[in-house]
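> predicted model, plus sequence, below.
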Amino acid sequence: MNINFATQFHSFKSKKSNIFFTKIYFVTFATILCTFFYLLGLWHHYPSTTVISATGATSLLCFQQNTTTTTTTTEEISSTSSFDKLDFAATHQLPDPPQTTARVSHIPPCNPSLYEYTPCEDQTRSLTFPRNKLMYRERHCPLPEEILRCRIPAPFGYKLPFRWPESRDFAWYANVPHKELTVEKKNQNWVRFNGNRFRFPGGGTMFPRGANAYVDDIGKLINLKDGSIRTAIDTGCGVASWGAYLLSRDILTVSFAPRDTHEAQVQFALERGVPALIGIIASIRLPYPSRAFDMAHCSRCLIPWGQYDGIYLTEVDRVLRPGGYWILSGPPINWERHWKGWERTQESLNDEQDAIENVAKSLCWKKLIQKGDLAIWQKPTNHMHCKIKRKIFKTRPFCQEAQDPDMAWYTKLDTCLTKLPEVDHIKEVAGGELSKWPKRLTSIPPRISSQSLNGITSEIFNENNELWKKRVAYYKTLDPQLAESGRYRNLLDMNSYLGGFAAALVDDPVWVMNIVPVEAEINTLGVIYERGLIGTYQNWCEAMSTYPRTYDFIHGDSVFRLYQNRCSMENILLEMDRILRPQGSVILRDDVDVLTKVKSIADEIQWDAKITDHEDGPYEREKILVAVKQYWTAPAIEEN
């Protein structure tokens, strides 16, 4: 037992000793091998003339590349052996790329003389078209190859307009540098020039006591206060004082006049913060749907209402709502009193009035009253009586069923009577009765409740209202200028659908021009008017019928997705830049890939633009672009 134990103990010690020495040999061999390869690496990477001291082998040496020699001396090595001179810069660098032009090339400004350029109402181009029925004053847009690739400048000295309601009465001269009307209409009190600004006393050709008193006179003849009249149209508007003073009565007016010898009348209206467009009744329909306006107005607008088989008054009938009013002042109304001042014969004025009366009868209108210088007609609420009259008198025919009464983009005028929707009894309002304002804004529009718009239901309408309340609230967190009450006045919505954006801003001191693109899948502009809002048709491959610097703020929902295969994205953005005021804002919502392309062009036109998240968070593909147009103007004109 003892022998066995001793033998095993001796055997164990021998094995332990062998393992111990084996480990020593392994560690020693590994150390020698590592040292060898380390020294081999140093020899391979550094010149053979380098002298390394004994201590240098255990120290980290960093050598600075010498660009003038291929050798390194002992002195150089010793001078770099101190740790306070370590240099960790890269020793192998590619040369800098050659200088090139900036990655973003800015689109240049246009000639300073083009500060009022309106492409589709350019006077030089207009004069090449027929004078018959004033067709030359209609829209005549440049060909694609004629479109300018430059940014329209603001006139030198341009200032932000006065805030509403002060802007109703004042505008800066530098913004609209035209004094023609202050001379031509001096006795009619349209506009006065004082120092560096214009003043608008509210006068007009037929309202010498001012537009406010004139509107009061109308209010004594028809009810302007109960909310039954909300939308109006003013033909040949001058500086739009009639529409300006209706705003305080919650009546929203679209004013229009051609660009003619009365220079800048529509531009004055827009500077005042009053809705207006350049336009004329000549050979094509007005760009509005049927049954749009509660009231139409002409104050010495010089439109020959009784001529051409009453074609112009027939167009007013198309856009006038059932039960709506047409108001006329000026020749020939009250000609017995004014004929000498109008420098016309009594016979010609009497004949003109008879012609207007006959056209109105052929449209089945009823003359409500003529008092003083005002005459008011009313359109019937339906055509039941009108159909009976036609069977007897064989007068003005109804338009064919195939003619869409809402189609109004380059659509030729016609003398036929636009047929109202069918009714079941004589007291029913054709097309559906509208609620009074302000309930009208959120009530289900008759075009939707009657299911005349494919796929748009009452539920969709209500959901759209709530959606835009949420979106506009989010917009105000993105754009402080939109959130600041009174900072903006004139707003444009480039693709309005049901008008939800404008409806969400109804309590702000702004007005919104709602655009329904002619390429839109569903024509919803009639719904927008039934809500008590205003708008127009537009093809964004063409310029808008308005002056430069019309709008303080432009909004677009999926506009570029709609037009991406139709025309140039750059041309649309240049048009937006033309009609946007300096320091005005833009908010666009679209697919992220589309907005990325928009952003690159926005940089070229020198907008301060950024893309931000959707209101529902960063995981939505739809994003929002927020941009601000920089302030810049044409240079000062040097006097010789």
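Now that the structure is in, tell me what you want to look at. Numbering: from 1, shown residues only.

> tell me where the stretch 351-500 of the chain has strands.
366-371, 374-378, 490-493 (DSSP state E, counting those that start in this stretch).

> for those, which one ends up most surrounded?
strand 490-493 (a mean of 25; mean count of other C-beta atoms under 10 Å). Every residue, glycine included, has its C-beta placed from N, CA and C.

> next SSE after that one?
helix 500-504 (DSSP states H and E).

> quick one on the thing from earlier: and the strands of the stretch 351-500 of the chain as TSV, adding mean pLDDT and distance to Thr546?
As requested, those are exported to TSV (pLDDT from 0 to 100; distance: least, C-beta to C-beta, whole Å):
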stretch	mean pLDDT	distance to Thr546
strand 366-371	97	34
strand 374-378	98	30
strand 490-493	98	9
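
> which one of the ones you listed lies closest to Glu484?
Across the strands of the stretch 351-500 of the chain, Glu484 has its closest neighbour in strand 490-493 (13.6 Å, C-beta to C-beta).

> partner strands of the closest one, parallel or antiparallel?
strand 511-517 (parallel), strand 551-557 (parallel) (DSSP bridges).

> with distance to Asn187, mean neighbour count and mean pLDDT as extra columns, can I get these in TSV?
TSV is the format used below for the strands paired with strand 490-493 (distance: least, C-beta to C-beta, whole Å; neighbours: other C-beta atoms under 10 Å; pLDDT from 0 to 100):
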stretch	distance to Asn187	mean neighbour count	mean pLDDT
strand 511-517	31	25	98
strand 551-557	33	24	98
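
> of those strands, which is nearest Leu221?
Of all the strands paired with strand 490-493, it is strand 511-517 that lies closest to Leu221, at 26.0 Å by C-beta to C-beta.

> re earlier: quick one: closest of the strands paired with strand 490-493 to Arg163.
strand 551-557 (10.5 Å).

> residues in contact with the helix or strand following the closest one: which ones?
For strand 551-557, the succeeding helix or strand toward the C-terminus, using DSSP H and E, is helix 559-563. Applying C-beta atoms under 8 Å, 6 or more residues apart in numbering, the contact partners of helix 559-563 are 494-495, 517, 519-520, 540-541, 569, 572, 588, 590-591, 594-595, 597-598.

> tell me the buried residues within those.
Listed as buried from the contacts of helix 559-563 are Met494, Asn495, Pro517, Trp540, Cys541, Met569, Ile572, Leu588, Asp590, Val594, Leu595, Val598; burial here means 16 or more other C-beta atoms under 10 Å.

> which one of those residues sits closest to Thr411?
Looking across the buried ones among the contacts of helix 559-563 and measuring by C-beta to C-beta, the closest to Thr411 is Pro517, at 15.7 Å.

> hang on, the closest one packs against Gln538?
Yes: counting by C-beta atoms under 8 Å, Gln538 is a contact partner of Pro517 at 6.1 Å.

> joint contacts of these two?
Met494.

> any chance of the strands of the stretch 351-500 of the chain in JSON lines, plus distance to Ile280?
Shown next, in JSON lines, are the strands of the stretch 351-500 of the chain (distance: least, C-beta to C-beta, whole Å):
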{"stretch": "strand 366-371", "distance to Ile280": "26"}
{"stretch": "strand 374-378", "distance to Ile280": "22"}
{"stretch": "strand 490-493", "distance to Ile280": "21"}
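
> show me where the stretch 101-250 of the chain has its strands.
With strands called from DSSP E, counting those that start in this stretch, the stretch 101-250 of the chain shows them at 170-172, 192-194, 197-199, 231-235.

> OK, contacts around Arg344?
When contacts are counted by C-beta under 8 Å, 6+ apart, Arg344 touches Pro331, Trp335.

> can you list phi and psi of it for me?
Backbone torsions of Arg344, given as degrees, to the nearest 10, read phi -140, psi 160.

> can we start the residue count at 620 from this point?
That works, and once the first residue is 620, the last one we named lands at Arg963.

> gap between it and Trp954?
8 Å (C-beta to C-beta, to the nearest Å).

> got it, and Pro1167?
40 Å.

> hey, C-alpha coordinates of stretch 749-764 in PDB?
Taking Å, rounded to 0.1, in the frame of the first residue of the first chain, the C-alpha atoms of stretch 749-764 are listed here in PDB:
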ATOM      1  CA  PRO A 749     -59.300  89.700 -83.000                       C
ATOM      2  CA  ARG A 750     -61.000  92.800 -81.600                       C
ATOM      3  CA  ASN A 751     -64.400  91.400 -82.300                       C
ATOM      4  CA  LYS A 752     -66.400  91.100 -79.000                       C
ATOM      5  CA  LEU A 753     -63.100  92.100 -77.200                       C
ATOM      6  CA  MET A 754     -61.700  88.600 -77.700                       C
ATOM      7  CA  TYR A 755     -58.200  90.000 -77.700                       C
ATOM      8  CA  ARG A 756     -58.600  90.800 -73.900                       C
ATOM      9  CA  GLU A 757     -59.300  87.200 -73.000                       C
ATOM     10  CA  ARG A 758     -56.600  84.700 -71.900                       C
ATOM     11  CA  HIS A 759     -54.000  84.100 -74.500                       C
ATOM     12  CA  CYS A 760     -51.100  82.100 -72.900                       C
ATOM     13  CA  PRO A 761     -47.600  81.800 -74.300                       C
ATOM     14  CA  LEU A 762     -46.600  78.600 -76.000                       C
ATOM     15  CA  PRO A 763     -44.400  76.200 -74.000                       C
ATOM     16  CA  GLU A 764     -41.300  77.300 -75.800                       C
END
